[in-house]
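Asks: Just the structure for this:
(chains A and B)
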Amino acid sequence: MSENVLEIKHLKTQFFTRKGVLPAVDDVSIEIPAGKIVGIVGESGCGKSMTAMSVMGLLRHPGRVVSGEILLCGRDITHLKPRELAKLRGKEMSMIFQEPMTSLNPVTTVGKQVEETILLHESCSREEAKKRVIQIFNEVGIPEAEKRFDSYPHQLSGGLRQRVMIAMAMVCRPKLLIADEPTTALDVTIEAQILELFKRLRDETGTSIILITHNMGVVAEVCDYVYVMYTGQVMEQAETFELFANTCHPYTKGLLRSIPKLSEKVDRLYTIRGVVPNLLHLPEGCNFCTRCDECQKRCLKEQPELYEVKEGHKVRCFLCEKGGA
Amino acid sequence: MLKKILKRVLISIPVLIGVVLLIFIMLRIVPGNPVVTLLGEHVNQQTIDKLSAEMGLDQPIVVQFFKYIWNALHGDFGTSYRMNRSVTQMIMDAFPYTVKLSLLAALISWTIGVVAGVIAAIRQNKLLDRLFMGTALLGVSMPIFMAALLLQYVFAYKLELFPISGYEGFAALILPAIALGWNSAGSIARMTRSNLVEVMQDDFIRTARAKGRTESGVIIFHGLKNALLPVVTMMAIQLSSMLSGAVLTESVFGIPGIGRLAVNAIEDRDMPLLQGTVLFTTVLIIIGNLVADILYSVLDPRIREVK
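Replies: Numbering: from 1, shown residues only, chains lettered A, B, ... in the order given. Okay, here's the model as predicted:
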């Protein structure tokens, strides 16, 4: 059996709209090793969430996986029936979302909602399930867990709701947790706490975590390995330290330059020029060529592949074709 | 919660007084003297005056009004001119028929409405959805008397499956119940569909899918639980308006309920009886709205807390 909890091989997810076919995820290969936190970074609409939704089997019409393989613990789950896939969700793999304010059912107590996950996947009595809910509430740092069991979502703060979501996702001890921008809607102090919680849960339970974010700071803090995505493609992938120390792709460089630094005084923050191209009208060559500062003639004509510049560090850029930038 | 209910009850008192005042004035503005109606055209003035005095109709309208309110507070709603019976008694005799009819109508229309609404929502924009919603639109827009006459013609007259009119046991209630529930079924179906379609777009539905619920589980345990909240409220209001007398349905099918009582009272210029039925109806509607309000706050925890 492989060490990787999740392997995505050449995944293509497309949306069949009236205007045309949107390549939301374009030939993405991702490996999630056991017990690691892997970051997927990119701007809005770069395919981060759609990659996650494809893995979870949560794509809605008109989107679907067109080709590629998704292996969960070595088992191909790409073509499972909806019922089979539902059995895996919440048990083997689970997901938490960006909007803690609206992601919980408003008319059911949070305790019951977490309990539901247990009762769906395991045969145990209600009392036992309730005990486990209170236990996981304590684990994810919800104060007065027993009292909170009977709270409704609107009675909790955003941070607490996100903790409830994490409790719901973790209660069956899944092998894989996908966190889709889990801290974007929270303020910075809560964000730090939640990130700490992820690290602790990973250490205690060995769950692998995919952390989807647009925040390079978050990546630097918790991720072991990073994938940078743009227009549905992986542009650069490397271990976190390597990526920050030895950034190769112009897009990644741009993202890093956009982070304001306290040590420098600037009038305007750096931005990557231009906007993300419409997925229906991608440029002929490299997807990033319209915004790239280092664009060459060749970039306009040909699509670069992922070139390995070092072991475990791959870059989709002609500048790195011969290895190293 | 108790405070809220009490507050609502207190607010209803001025509404009731207003309604009584309105009926009182209106009944005295409309042409036609009830005494003349009662005695016939060819009676001399003396007899008319004498009877008017006996019935207290010669007194100023203000005095009549307060006398009526005073008696009503003591449970006496007067005596029917025509039948010479206690109005309270007549209403109590008629009410059970209306209750049976309304409950049956509610049962039929809500079951059909909710089931059709859910199916339409799941098959959104597909053939079944179009079919159900088209029928629902017909249900909402077709007047009750037309539905009633159509049903009567087809099922009672042509097919002879049910009695045409009159109250002879349960079978006689089925056609009137369908006619009465016709509009309700349509509006419940439309409301269920639109609410469910909307709720199914919500983020917590995605959460329910992510935790491993199958699609039908998601719809039943998360979708419907939210989508039916406003529908239940609407049902309470519908039931109260059905109970307050289906004037048209009861007339067409000859059911001796509250609605027929009111129609007869109008035809006979039977003022005490009419006042009584309208007052009774008003109270029912007020109670219905109150129940709807309370139900909503009981079912929705977000509203429960807002005092």
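
Asks: C-alpha only now, for contacts and for neighbours.
Replies: Fine.

Asks: Got phi/psi on residue A:314?
Replies: Dihedral angles phi and psi of residue A:314 (degrees, to the nearest 10) take the values phi -120, psi 150.

Asks: how about it, what does it touch?
Replies: Applying Cα atoms under 8 Å, 6 or more residues apart in numbering or on different chains to residue A:314 gives the contacts A:236, A:237, A:238, A:306, A:307, A:308.

Asks: Spatially nearest residue to the fourth one (excluding sequence neighbours)?
Replies: Pointing back at residue A:306 there. Nearest non-adjacent residue to residue A:306, counting by Cα to Cα, 6 or more residues apart in numbering or on different chains: residue A:316, 4.2 Å away.

Asks: hmm, back to that, which of the contacts of residue A:314 fall in helices?
Replies: For these, not one is inside helices, with DSSP state H as the criterion.

Asks: neighbouring contacts of stretch B:53-63?
Replies: Contacts of stretch B:53-63 (Cα under 8 Å, 6+ apart): B:49, B:52, B:64.

Asks: Could you tell me how far the host helix or strand of residue B:115 lies from the centre of the chain?
Replies: Assigned by DSSP states H and E, residue B:115 belongs to helix B:87-122. Here the centre of helix B:87-122 is set off from its chain's centre by 9 Å, with Cα atoms, centre = their mean, to the nearest Å.

Asks: Look up the pLDDT of the residue nearest to residue A:306 for me, please.
Replies: At residue A:316, the model reports a pLDDT of 93.

Asks: With the one 4 residues further on instead?
Replies: Model confidence at residue A:320, expressed as pLDDT, equals 86.

Asks: Can you lay out the contacts of residue A:314 as CSV showing neighbour count, distance to residue A:28 and pLDDT?
Replies: Converted to CSV, the contacts of residue A:314 look like this (neighbours: other Cα atoms under 10 Å in any protein chain shown; distance: Cα to Cα, whole Å; pLDDT from 0 to 100):
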residue, neighbour count, distance to residue A:28, pLDDT
A:236, 26, 11, 94
A:237, 27, 11, 95
A:238, 23, 15, 94
A:306, 19, 11, 91
A:307, 20, 14, 91
A:308, 19, 15, 91
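
Asks: Tell me the one of those nearest chain B?
Replies: Ranked by distance to chain B (Cα to the nearest Cα), the contacts of residue A:314 are led by residue A:237 at 27.3 Å.

Asks: so is residue A:40 in a helix, a strand, or just coil?
Replies: Following DSSP: H, G, I helix; E, B strand; the rest coil, residue A:40 is assigned to strand.

Asks: In contact with it, which residues?
Replies: Counting by Cα under 8 Å, 6+ apart, residue A:40 has contacts A:48, A:210, A:211, A:212, A:213, A:226, A:227, A:228, A:229.

Asks: So which of the residues you listed wins on neighbours?
Replies: residue A:48 (30 neighbours; other Cα atoms under 10 Å in any protein chain shown).

Asks: shouldn't that one be in contact with residue A:214?
Replies: No - Residue A:48 lies out of contact with residue A:214 (Cα atoms under 8 Å); the separation is 9.4 Å.

Asks: Check which helix or strand the residue sitting nearest the centre point of chain B maps to.
Replies: What sits nearest the mean C-alpha location of chain B, by Cα atoms, centre = their mean, is residue B:241, with 1.6 Å. Element membership of residue B:241 [criterion: DSSP H and E] is helix B:225-243.

Asks: residues in contact with the helix or strand just after that helix?
Replies: Counting by DSSP H and E, the element after helix B:225-243 in chain order, helix or strand, is helix B:247-253. Outside helix B:247-253, the residues that touch it by Cα under 8 Å, 6+ apart are B:144-145, B:148-149, B:164-166, B:176, B:179-180, B:256-260, B:262-263.

Asks: again with stretch A:92-99
Replies: Defining contact as Cα under 8 Å, 6+ apart, one finds that stretch A:92-99 is touched by A:56, A:103, A:165-166, A:169-170, A:172-185, B:203, B:207, B:210-211.

Asks: Help me confirm that residue B:165 comes into contact with residue B:255.
Replies: Yes - using Cα under 8 Å, residue B:165 is in contact with residue B:255, at 7.4 Å.

Asks: Mind splitting chain B into its structural domains?
Replies: Domain ranges of chain B: B:34-76, B:88-305, per automatic domain parsing.

Asks: what is the mean pLDDT for the shortest one?
Replies: If you average the pLDDT over domain B:34-76, you get 80.

Asks: same deal with the longest one?
Replies: Domain B:88-305 carries an average pLDDT of 88.

Asks: re the thing from before, can you tell me which of the domains of chain B is most buried?
Replies: Of all the domains of chain B, domain B:88-305 has the most neighbours on average by mean count of other Cα atoms under 10 Å in any protein chain shown, namely a mean of 20.

Asks: Tell me the buried residues in stretch A:250-265?
Replies: Across stretch A:250-265, burial judged by 16 or more other Cα atoms under 10 Å in any protein chain shown covers A:250, A:251, A:252, A:254, A:255, A:256.

Asks: Now render those as CSV, adding pLDDT and secondary structure.
Replies: CSV is the format used below for those (pLDDT from 0 to 100; DSSP: H, G, I helix; E, B strand; the rest coil):
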residue, pLDDT, secondary structure
A:250, 92, helix
A:251, 93, helix
A:252, 93, helix
A:254, 90, helix
A:255, 89, helix
A:256, 89, helix
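
Asks: of all those residues, which comes closest to chain B?
Replies: Nearest member of these to chain B, counting by Cα to the nearest Cα, is residue A:255, at 29.1 Å.

Asks: Would you quantify the distance from the closest one to residue A:214?
Replies: Distance of residue A:255 to residue A:214, given as Cα to Cα, to the nearest Å: 9 Å.

Asks: Show me what from the stretch 151-300 of chain B comes close to chain A.
Replies: B:202-207, B:209-214, B:222, B:225-226, B:299-300 (Cα under 8 Å from any Cα of the partner chain).

Asks: let's go with 6 Å and repeat that
Replies: For the stretch 151-300 of chain B, the residues in contact with chain A (Cα under 6 Å from any Cα of the partner chain) are B:203, B:204, B:210, B:211, B:212, B:214, B:300.
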